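S.K.: predicted structure and sequence below. I'll ask about it afterward.
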There are 6 protein chains.
Amino acid sequence: MNSKNYEFSKTLHNNQNQNWVRAIDSSKIITWIDDLFRILFPEKTLESIQIELLLDQNKINFITILTEINKGKAVDKSRELADAFYEALPELYSSMQKDAQAILDTDPAADCIEEIINSYPGFFAIEVYRIANAIASRTKCLIPRILTEYAHSKTGIDIHPNATIDVPFMIDHGTGIVIGESTIIGKYVSIYQGVTLGALQVEKSMQEKKRHPTVEDHVIIYANATILGGSTIIGNHSIVGGNTFISKSVNPYSLIMQSNKNTVLNQQEIKDINFFSI
Amino acid sequence: MNSKNYEFSKTLHNNQNQNWVRAIDSSKIITWIDDLFRILFPEKTLESIQIELLLDQNKINFITILTEINKGKAVDKSRELADAFYEALPELYSSMQKDAQAILDTDPAADCIEEIINSYPGFFAIEVYRIANAIASRTKCLIPRILTEYAHSKTGIDIHPNATIDVPFMIDHGTGIVIGESTIIGKYVSIYQGVTLGALQVEKSMQEKKRHPTVEDHVIIYANATILGGSTIIGNHSIVGGNTFISKSVNPYSLIMQSNKNTVLNQQEIKDINFFSI
Amino acid sequence: MNSKNYEFSKTLHNNQNQNWVRAIDSSKIITWIDDLFRILFPEKTLESIQIELLLDQNKINFITILTEINKGKAVDKSRELADAFYEALPELYSSMQKDAQAILDTDPAADCIEEIINSYPGFFAIEVYRIANAIASRTKCLIPRILTEYAHSKTGIDIHPNATIDVPFMIDHGTGIVIGESTIIGKYVSIYQGVTLGALQVEKSMQEKKRHPTVEDHVIIYANATILGGSTIIGNHSIVGGNTFISKSVNPYSLIMQSNKNTVLNQQEIKDINFFSI
Amino acid sequence: MNSKNYEFSKTLHNNQNQNWVRAIDSSKIITWIDDLFRILFPEKTLESIQIELLLDQNKINFITILTEINKGKAVDKSRELADAFYEALPELYSSMQKDAQAILDTDPAADCIEEIINSYPGFFAIEVYRIANAIASRTKCLIPRILTEYAHSKTGIDIHPNATIDVPFMIDHGTGIVIGESTIIGKYVSIYQGVTLGALQVEKSMQEKKRHPTVEDHVIIYANATILGGSTIIGNHSIVGGNTFISKSVNPYSLIMQSNKNTVLNQQEIKDINFFSI
Amino acid sequence: MNSKNYEFSKTLHNNQNQNWVRAIDSSKIITWIDDLFRILFPEKTLESIQIELLLDQNKINFITILTEINKGKAVDKSRELADAFYEALPELYSSMQKDAQAILDTDPAADCIEEIINSYPGFFAIEVYRIANAIASRTKCLIPRILTEYAHSKTGIDIHPNATIDVPFMIDHGTGIVIGESTIIGKYVSIYQGVTLGALQVEKSMQEKKRHPTVEDHVIIYANATILGGSTIIGNHSIVGGNTFISKSVNPYSLIMQSNKNTVLNQQEIKDINFFSI
Amino acid sequence: MNSKNYEFSKTLHNNQNQNWVRAIDSSKIITWIDDLFRILFPEKTLESIQIELLLDQNKINFITILTEINKGKAVDKSRELADAFYEALPELYSSMQKDAQAILDTDPAADCIEEIINSYPGFFAIEVYRIANAIASRTKCLIPRILTEYAHSKTGIDIHPNATIDVPFMIDHGTGIVIGESTIIGKYVSIYQGVTLGALQVEKSMQEKKRHPTVEDHVIIYANATILGGSTIIGNHSIVGGNTFISKSVNPYSLIMQSNKNTVLNQQEIKDINFFSI
């Protein structure tokens, strides 16, 4: 390779010291959570002892990842974090069961629990969020973001690990959903594809403020609705219709619908326009 | 591991008998369909005999998956289903060819068939749907859902395996498309990213009813349009503009456009608002 | 296998000569770009000499892919193209750094460069586009499309390799974004999930024309906005609000907002409707 | 790469037409036989239907290998050969069981059948030979040699696929055993490590002749014995002692022992020699 | 598949209950010991914390293997065995270091410790034996045999896990070495390729007796020597020459040499024989 | 893990600085040579340009391995060594062809070149030696030993990389062959399984001396012959019979045979001995 490329190699080498790196191989974190899901929802019957050993192994892998991120420092803290996370796991699992049961109870297309566990992207994205959130609440590191980005990549559902989401929570289809960092969601909330729970404006100076809405218990938000703003509250038992755009609070038990403002042209009108503006 | 975790292992073990499992390793089904695509649209030249052997192998893998789902029971039925599916494969393949040709004929960005086969997510999602639908029409099991979820995960296009879609059908870009269970789509229909063909409301009691719209032949539906309701019919040769929201039937040869209701502020107005509501 | 399937095998075999093939195994191209990213943004510290060897290897893999696509012909041209691409790599890398820095400077959720490199789908999609675009500008082949489709599949962000996008460019969340072939985007532009920069209508005859909009410097486009048409120009420093639909040019420093046309029903009204039309 | 290496690439390319190739990827054949062993002696309990499907699959893989070796020709013959081989498999399996049982009955170190199946190199080498021999008796191709070389590589036991070996046959330890092409071995024969059943001299002109010995029923041949020559017959129930060298026939019920011709030097003698000739 | 094969599938299925199975997938045990070697003799620098985590992981894998062999029973015993083994590991490691150092001190071809660790089959076979022996002394199961067979397959050196071998012990080249179950070997013993320390005769009834020789401290046994019999003792500081055959005890400080009994024919004699008997 | 194990982890960590490491992952070197063989003797037809690119890639992998062994130092020397090795490759390839042709011409069991390339362990071991020797003659490092140990492990044939072996050279069966460091072998030499070309005695002080025999042109050495000593010369055109033991030079055109000293007992004698000493 010629000298120009040699210079480039040196540039890349020097940039490593200025943090132009990935810091960790995400695939290890992905393997870890895939393993964890396979323990919680196995493909075939496992004995208690097998499960226990698999959990032991999963925990060591988790500590190994934490240790690698910390470059071998803070070992005791890594062990403490792992202890806390695996102690919280039964409760997380219980939340996952409630989420799945609620989907089964409400979705007309759902036939059985296996189907939800195996093929509902919404279920997958929510449970990855619950795990990421449990970690994020205990430490500040790259892991929670990498976890939710993994779910985002697989499902198109982007839930920030710091969002606050009660149990049960239901998502159907899900592609295009964005749930921002300071969002608060109550119990028995359902949301559909393309829904954004976002910030009104995005500026670095907003970093510490509540920028995303609050959604109270028993709210349904249909496809492609957009709800923005940190002080926006969707009152309990409200129904938010598809394609609506909301930036102010609504009372409990409201029904918000898009005013249908489409224009339908007749055949003559269509012939009259040469280059139509859809 | 301490006794608390031992209790959790027992809980997980007991839950397996109450269907808190995945029932099957989805990756086997994914491998099966990836193999099938590689037979139908190979990367390099294959002799007839090689293709025949690959089809034999693919069929046995399919029977193996069916057998595993049925936990070793209903073996004869599994073989019958496989026979029926592979007998129908030439016709499915013919539909795939028509889909690809129609994309080539209409998409200004498409240069050749190879490009469509290799890099069009819409083509991939439609053909996975056609295979899933062919299976779903013959048996009730997890496979069709796992197949369409695989396509959903890769492309962001979510087509229910029970939807009824004629040939040819065209999707471009596609991310965010949702096509519900009881949707009926005619010939030469094109749809773009973010389109929802959905239910007006979602309730478990609706399970047996037609909840999703009918789209007749030669309709084009542009990006992010939302069409809802089981009795909604989009008449043939209609054009549905982007971002429209439709919950009533429209006549054939209609052009539906969003009434542009944006507000453009001038510079002075922008200065006047402190905290703008987008 | 029976004679019917034998006929089908022959059909598939014959179709290979009529281009019903994939032409290349996409996974080789995906491995190549994943390797390249791992060189540019490594997971662990690499010495200059290691980087240099990895670049050498990456280049040979690239020539191998080009050679395979060209079926062993045009070898000298493949080497020339590789030389040109790897000579341009330092500049591409510099653009990537500027993109990442701009995200860090503006996104309130971003804490450090590592986080952006490791877990921002927008960053990933933009940089894959930059690489695909650099190749597309030098040769006409399947590689650029396969690259951007790979990013599309992972992130839900669909950028055509022939689009023209200046530096820096920022995408957040990103799922559902479509940026068409003849789009032109200036410096310091930010866009959010669900934004379409598309064509007003899609017809094969439009193949050679500018069909997609121009977005000037320092524009922000919030979630789910749709901007269509080859002569549509969004003037510099404009802000395009979420869910807006634009098919005409807007002046510099404009603020475009959706007029909020939702209807909120009170409890009594909700009781009065039996089958509500959302 | 410089022009000299380019010349070398052309040389290698041209040599391919003169059979300077491997003809087939041995690893496919190795995978095939490893799979077959895993079907015959599974690691975990399999249902009948699973076994049947695995056998179907194994058979197709076998036909695929045969077809590849024949470069797509002689397809019908490949299917016939496969039919014949899998029809003979139950009998081969029965021989394998007799071999294993005989080892268990005679080896003081063997505790149970599982141990023999899982960890006896002699058992592995014999059964690979039986399979290779069954194929070799039906066709002339590379497969039998590749199979026995695979066993040779794993165990150090080199049995020619054309050797004739009755049931049961026992090998212990086995490293260094060579059993030549025209060897004939009777029932209940045991041999130990380092035994050669070879030719007296090796010349190309001997190709069609019986060059290797005959070993009759119930013979034991201890470690490192060498028995040579096509007309050499070891009569039934004979015991051939370790390190013996035999090139003439011996009667039934013979005991052949090495005359111990070692010289033991005393301490004084050892001191007297400066450079000892062992 | 026809009915005949269906019968065979049933036969195989039924035989599983009569122990015609492998009981465990050997590859798990092989992975376990390869991992353990990589921890003890790493390829790159590891931090203490990394080593500790790797040891934790290795231990869980070991318990998992034990549990699988015991079919989920005897869990506590499996944990006890693992505790005992990993407690003994530092001492085993110390023995390994002594073995390696002794090879470096005596073999003229050895340049450094890395070379011995990385490329001496004798070192590998001895240390696998030491691990297998440590397990065999604590439990009766398939693991030790599978371990030593793994070393046998890689090196051609077959050491029974129940043999008693002191520290240090040296093997060079090694192919064809067999060391039987009741062999006792002292300190500073060296042996070369093809050496058998075996039983005089092999009969099932001998199972409980000492059937293999004793080799005292500081003995050297050169290539292809055969030493047989449970009461045969090679006295300390003896040298056993190559190709010797010993079935009686020899005193300490003996030198045993093969009496050279070759016949060298001159050219005339060679011409006179038509078919020479080697 | 308890404090005792923590101590052990620290011990292992500290030992890394005292060279108790493997220094390099052997699997990289094994992959490299397997790749190289697949280039020289491909499984399917390759175009010249493909071969050239594969050679380029193989060379970079070789430089990468050298660089890793040298811990990033001596980069220029690594490139020089690689240049020299790949320049010598055509000549090495030519030697390999001559070896294969000579086996085909003399072995009655060999049917064609493909068979030799694909399934002759002797051919494999010799050619790995030729490559290892070419590297060893240019640098002093672990690579040559790891290469020949790889061949040793696969074939049971142990050739020291520093041995001097002319072209062509033939080995049949091969298990147990040892060819020592200072051995010199002429043209057209054939050797069989179990042959040792070794040192008379093994002592560290002999390190710099010629310790192994010289075998002149056209010599055949049959199975299990042992030839020892640095001053031992086997004159050209000699035939060394199986199981002979030679520690003195023999003239050209000699035939060396083992004097057959076996004792054959008749049936009566066998009955008379209770515990026979074989």
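M.R.: Okay, I see it. Numbers count the residues shown, from 1 in each chain, chains lettered A, B, ... in the order given.
S.K.: what residue is smack in the middle of chain A?
M.R.: Nearest to the geometric centre of chain A sits A:Ile159, at 2.7 Å (CA atoms, centre = their mean).
S.K.: mind listing what it touches?
M.R.: Residues near A:Ile159 by CB atoms under 8 Å, 6 or more residues apart in numbering or on different chains: A:Ala125, A:Ile126, A:Tyr129, A:Thr148, A:Ala151, A:His152, A:Ile165, A:Ile177, A:Ile179. C-beta here means a position set from N, CA and C on the backbone, and glycine is covered the same way.
S.K.: go again using 6 Å as the cut-off
M.R.: The contact partners of A:Ile159, taken as CB atoms under 6 Å, 6 or more residues apart in numbering or on different chains, are A:Tyr129, A:Thr148, A:Ile179.
S.K.: reformat those residues as JSON lines; add distance to chain F and neighbour count.
M.R.: Shown next, in JSON lines, are the contacts of A:Ile159 (distance: CB to the nearest CB, whole Å; neighbours: other CB atoms under 10 Å in any protein chain shown):
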{"residue": "A:Tyr129", "distance to chain F": "32", "neighbour count": "26"}
{"residue": "A:Thr148", "distance to chain F": "32", "neighbour count": "26"}
{"residue": "A:Ile179", "distance to chain F": "40", "neighbour count": "27"}
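S.K.: just these now: which is nearest chain C?
M.R.: Using CB to the nearest CB, A:Thr148 is the member of the contacts of A:Ile159 that sits closest to chain C, with 8.2 Å.
S.K.: so is the closest one in a helix, a strand, or just coil?
M.R.: On the three-state scheme (DSSP: H, G, I helix; E, B strand; the rest coil), A:Thr148 is labelled helix.
S.K.: quick check: it touching A:Ala132?
M.R.: Yes: under the criterion of CB atoms under 6 Å, A:Thr148 makes contact with A:Ala132 at 5.0 Å.
S.K.: ok, so what distance separates the residue nearest to the centre of chain A from chain C?
M.R.: With distances taken as CB to the nearest CB, to the nearest Å, A:Ile159 is found 11 Å from chain C.
S.K.: tell me the spacing between that residue and A:Lys204.
M.R.: Distance of A:Ile159 to A:Lys204, computed by CB to CB, to the nearest Å: 22 Å.
S.K.: quick one: name the residues of the stretch 101-250 of chain A near chain F.
M.R.: Taking CB under 6 Å from any CB of the partner chain, no part of the stretch 101-250 of chain A reaches chain F.
S.K.: show me which of the contacts of A:Ile159 is closest to D:Asp76.
M.R.: Nearest to D:Asp76 out of these is A:Thr148 (CB to CB; 57.0 Å).
S.K.: ends of stretch A:66-77, how far apart?
M.R.: Start and end residues of stretch A:66-77 are separated by 9 Å (CA to CA, to the nearest Å).
S.K.: pLDDT averaged over that stretch, what's the number?
M.R.: Stretch A:66-77 carries an average pLDDT of 80.
S.K.: buried residues of that stretch, list them for me.
M.R.: A:Leu66, A:Thr67, A:Glu68, A:Ile69, A:Ala74, A:Val75 (16 or more other CB atoms under 10 Å in any protein chain shown).
S.K.: over to stretch A:85-93?
M.R.: Under the neighbour-count criterion of 16+ other CB under 10 Å, stretch A:85-93 has A:Phe85, A:Tyr86, A:Leu89, A:Leu92, A:Tyr93 buried.
S.K.: would it count as contacting chain E?
M.R.: No: judged by CB under 6 Å from any CB, stretch A:85-93 and chain E are separated, with a smallest distance of 14.0 Å.
S.K.: that stretch and chain B in contact?
M.R.: Yes: using CB under 6 Å from any CB, stretch A:85-93 comes into contact with chain B via A:Pro90.
S.K.: outside of that stretch itself, list whatever touches it.
M.R.: A:Leu40, A:Lys59, A:Arg130, A:Ala134, B:Phe8.
S.K.: need the residues of the stretch 51-200 of chain A near chain D, please.
M.R.: Counting by CB under 6 Å from any CB, the stretch 51-200 of chain A comes close to chain D at no residue.
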